[in-house]
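Engineer: Generate a structure from the sequence data that follows.
(chains A and B)
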Amino acid sequence: MSIRFHDSRLRTVVELDTRDPGRVAMYVCGPTVYNLIHIGNARTFLWFDFIRQYFEYRGLQVTYVMNYTDVDDRIIERAKVEGSTTDAVTEKYTRAFEDDMAALGVTPADVLSRATDHIGEMVKAIEGLIERGVAYATDGDVFYSVEKFPSYGKLSGRSLEDMRAGDRVNPHEGKKHPLDFALWKAAKEGEPSWPSPWGPGRPGWHIECSVMSTTYLGTGFDIHGGASDLIFPHHENEIAQAEALADTEPFVRHWMHAGLVQMESVKMSKSLGNVVLAREVVAAYPGEVARYWALTGSYRTQLSFSDEALADAAQGYERWSTFLAAAKHALGPDMPPAPQHLHRPEGADGLVGPGAEYIGRFIDAMDDDFNSSEAFAVVHELVREANRRIEPAQRGETEDREVLSSLAEAFTEMTTMMGFHFGPTESPKLVDDLVQYLLELRDTARSEKEFERADAIRSRLAAMGVAIEDTAAGTRWRITPVPKESG
RNA sequence: GGCGGCGUGGCCGAGUGGUUUAGGCAGGGGCCUGCAAAGCCCCGCACAGCGGUUCGAUUCCGCUCGCCGCCUCCA
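Structural biologist: Below you'll find the predicted structure:
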């Protein structure tokens, strides 16, 4: 079986069918860098990165392009508010975005393009649209004429008539149709601007993405992604621009949209002000916990954010982390090393051993529209089976050791694929030695029935983030996340 | 008003026309333990409501109720 996923234009699950066999060209709308991103934004980026990683895991060669919108009304406003320049604002928030992504374990896209580096191409594209008669200039602005694009509305499934009937469309003088949108905006005094045939100004938001995506990926590339609130008008407009310009359909082969994060059953959104910043989450929990939370649910559905949801995720993540430490303790030198190259182009074919079944189920789940909920369930089930083997493996039972080793290897493969690394794998030798020494002191106390002393050592260690567990084969310890001060 | 989606056990969150289950968290009981912790085992009459199709529906169809998104900037 091959990879299937939900194409939001066709509104159905399709088989991945790429322009070039074995390669995936994907573009995801990146942030407008005027503000810190919230956890809802982060979920989208986490997910598309995950999807990209999964393609690679399945042996596809991915080119992943993301843009930074670094010219926009909100940036101009922000610069005023901060008493700063637009350049300083975009620089600051681009960096903040990159920091936040790194904290969540998101790998940077292969190409991170800035709108302001592509103004020339955008001007050219706008000229082309005017030549083709689908755009018109008035007073230094240029608008796209939606009536000139017959299939306008095909992505979002609505017609111009439907929307004209809506009472929320606000006309703008100079527009021939209320839904016409700006390709070029004339600059007002003091605003950043670039020269153009229509006078100084800046590009509209939508033209940015269609120009940058096709610049890097050509037309007819494989996947265009973003969150579902971009379907209309942003992505609709991108299609109208790109297809009118190229005379070819389609602009992209597949559209994918991520569901929105809800805060108490309302969309989290900067304009509503009910946001939780990505960095607030990462300050309160390890980035991998946020990752766990974001990835447990389907990318397509709305996901609710709450302290409880995050605490749940922390518990689930902890279970995996604990298992890994226990397996290492039990297997010692027989613990399989972390996988170097994660590639399963053939699925689980040819894999043998107890871990193979789980990897097979994992791949089946992920191939099916990236069913991460099922994939997580597979990992949890593996952990349960493996936990049963810990104790006998510790006692030295050969078969249990072999099974545990195979399961631990599969576990590491799947969790690494999902971007989990379980903190520092090795602590400095000095730390090991010190902890070991304290454990010896505690063991002495225990053998003398000095339990108060033993328990004191345990609780001091716990406060430092070292959890200890007594087992028949000695005390094992692991580093746990120390609760961080949030704020 | 138009378009789209959702409603699953205390919570989060998958999935399916039927002999047997998602999974996690929380909860109860047990085993293990000096006590813990971790872990393992067992447990809880889920599928919004009402009709219809069917031998059989949580899963398909219709209606009702409730919720959400988009139609304006938005991940």
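Engineer: Quick check: mean pLDDT of stretch A:275-283?
Structural biologist: Averaging pLDDT along stretch A:275-283 yields 94.
Engineer: buried ones in it?
Structural biologist: A:275-279, A:281-282 (16 or more other CB atoms under 10 Å). (Glycine included, C-beta is placed from N, CA and C.)
Engineer: One more: stretch A:129-143?
Structural biologist: A:129-130, A:134-137, A:141-143.
Engineer: What segments of the stretch 251-400 of chain A are helices?
Structural biologist: A:278-284, A:287-296, A:307-331, A:354-367, A:372-395, A:398-417 (DSSP state H, counting those that start in this stretch).
Engineer: so which of these is the most packed in?
Structural biologist: helix A:287-296 (a mean of 24; mean count of other CB atoms under 10 Å).
Engineer: Contacts for it, please.
Structural biologist: A:39, A:42-43, A:46-47, A:50, A:103-105, A:278, A:281-282, A:303, A:305, A:309-310, A:312-314, A:316-317, A:372-373, A:376, A:418-422, A:481 (CB atoms under 8 Å, 6 or more residues apart in numbering).
Engineer: So out of everything in the stretch 1-150 of chain A, what residue is nearest RNA strand B?
Structural biologist: residue A:40 (2.8 Å; CB to the nearest atom of the strand).
Engineer: buried stuff in the one helix or strand that residue maps to?
Structural biologist: Using DSSP states H and E, residue A:40 sits in helix A:39-57. Neighbour counts over helix A:39-57 (16+ other CB under 10 Å) mark A:39-57 as buried.
Engineer: and that helix, average pLDDT?
Structural biologist: Here the average pLDDT along helix A:39-57 is 96.
Engineer: ok now it, how far from the chain's centre?
Structural biologist: Distance of helix A:39-57 from the chain centroid (CA atoms, centre = their mean, to the nearest Å) equals 3 Å.
Engineer: what's the answer for stretch A:383-390, then?
Structural biologist: So, by CA atoms, centre = their mean, the centroid of stretch A:383-390 is 30 Å from its chain's centroid.
Engineer: That one close to RNA strand B?
Structural biologist: Yes - Stretch A:383-390 comes into contact with RNA strand B (CB under 7 Å from any atom of the strand), by way of A:383-384, A:387-388, A:390.
Engineer: what's that stretch in contact with?
Structural biologist: Residues contacting stretch A:383-390 (CB under 8 Å, 6+ apart): A:319-320, A:323, A:326-327, A:330, A:354, A:400-401, A:403-404, A:407-408, A:411.
Engineer: And the furthest pair within these?
Structural biologist: A:319 and A:401 (21.8 Å; CB to CB).
Engineer: measure the closest residue to residue A:123 other than its chain neighbours to residue A:143 for me?
Structural biologist: Nearest residue to residue A:123, sequence neighbours excluded (CB to CB, 6 or more residues apart in numbering): residue A:196, at 5.1 Å. Separation of residue A:196 from residue A:143 (CB to CB, to the nearest Å): 14 Å.
Engineer: Then residue A:155?
Structural biologist: From residue A:155 across to residue A:143, the span is 20 Å (CB to CB).
Engineer: Same question for residue A:367.
Structural biologist: 43 Å.
Engineer: what does residue A:278 give?
Structural biologist: Taking CB to CB, one finds residue A:278 at 35 Å from residue A:143.
Engineer: any idea how chain A splits into domains?
Structural biologist: Split into domains by automatic domain parsing, chain A comes to A:4-286, A:306-417, A:429-479.
Engineer: would a markdown table of those with distance to residue A:294 be doable?
Structural biologist: Formatted as a markdown table, those follow (distance: least, CB to CB, whole Å):
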| stretch | distance to residue A:294 |
| --- | --- |
| domain A:4-286 | 4 |
| domain A:306-417 | 9 |
| domain A:429-479 | 24 |
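Engineer: Doesn't residue A:476 belong to a strand?
Structural biologist: Yes - counting by DSSP: H, G, I helix; E, B strand; the rest coil, residue A:476 is found in a strand.
Engineer: Verify the contact between it and residue A:326 for me.
Structural biologist: Yes - when contacts are counted by CB atoms under 8 Å, residue A:476 is listed as touching residue A:326 (6.6 Å).
Engineer: joint contacts of those two?
Structural biologist: residue A:469.
Engineer: Just want the residue of the stretch 151-300 of chain A that's nearest RNA strand B.
Structural biologist: Counting by CB to the nearest atom of the strand, the stretch 151-300 of chain A gets nearest RNA strand B through residue A:227, at 2.5 Å.
Engineer: Could you list the low-pLDDT ranges of chain A?
Structural biologist: A:1, A:164-173, A:424-426, A:482-487 (pLDDT under 70).
Engineer: re the thing from before, so which of the contacts of stretch A:383-390 also contact RNA strand B?
Structural biologist: A:319, A:323, A:326.
Engineer: residues touching residue A:204, list them.
Structural biologist: A:181-185.
Engineer: Just those: which are in strands?
Structural biologist: When DSSP state E is applied, these are split such that A:181-185 fall in strands.
Engineer: Write out the residues of the stretch 351-487 of chain A neighbouring RNA strand B.
Structural biologist: A:369, A:371, A:373-374, A:376-377, A:380-381, A:383-384, A:387-388, A:390, A:446, A:451, A:454-455, A:458, A:467-471.
Engineer: 6 Å instead?
Structural biologist: A:371, A:373-374, A:376-377, A:380-381, A:384, A:387-388, A:446, A:451, A:454-455, A:467, A:469-470 (CB under 6 Å from any atom of the strand).
Engineer: Can I take it that residue A:26 is in a strand?
Structural biologist: Yes - the assignment for residue A:26 (three-state DSSP) places it in a strand.
Engineer: tell me the contacts of it?
Structural biologist: A:48, A:52, A:62-65, A:217, A:221-225.
Engineer: Quick check: of these, which lies closest to residue A:7?
Structural biologist: residue A:223 (9.1 Å).
Engineer: wait, doesn't the closest one sit right on residue A:23?
Structural biologist: No - if you go by CB under 8 Å, residue A:223 and residue A:23 don't touch, sitting 11.4 Å apart.
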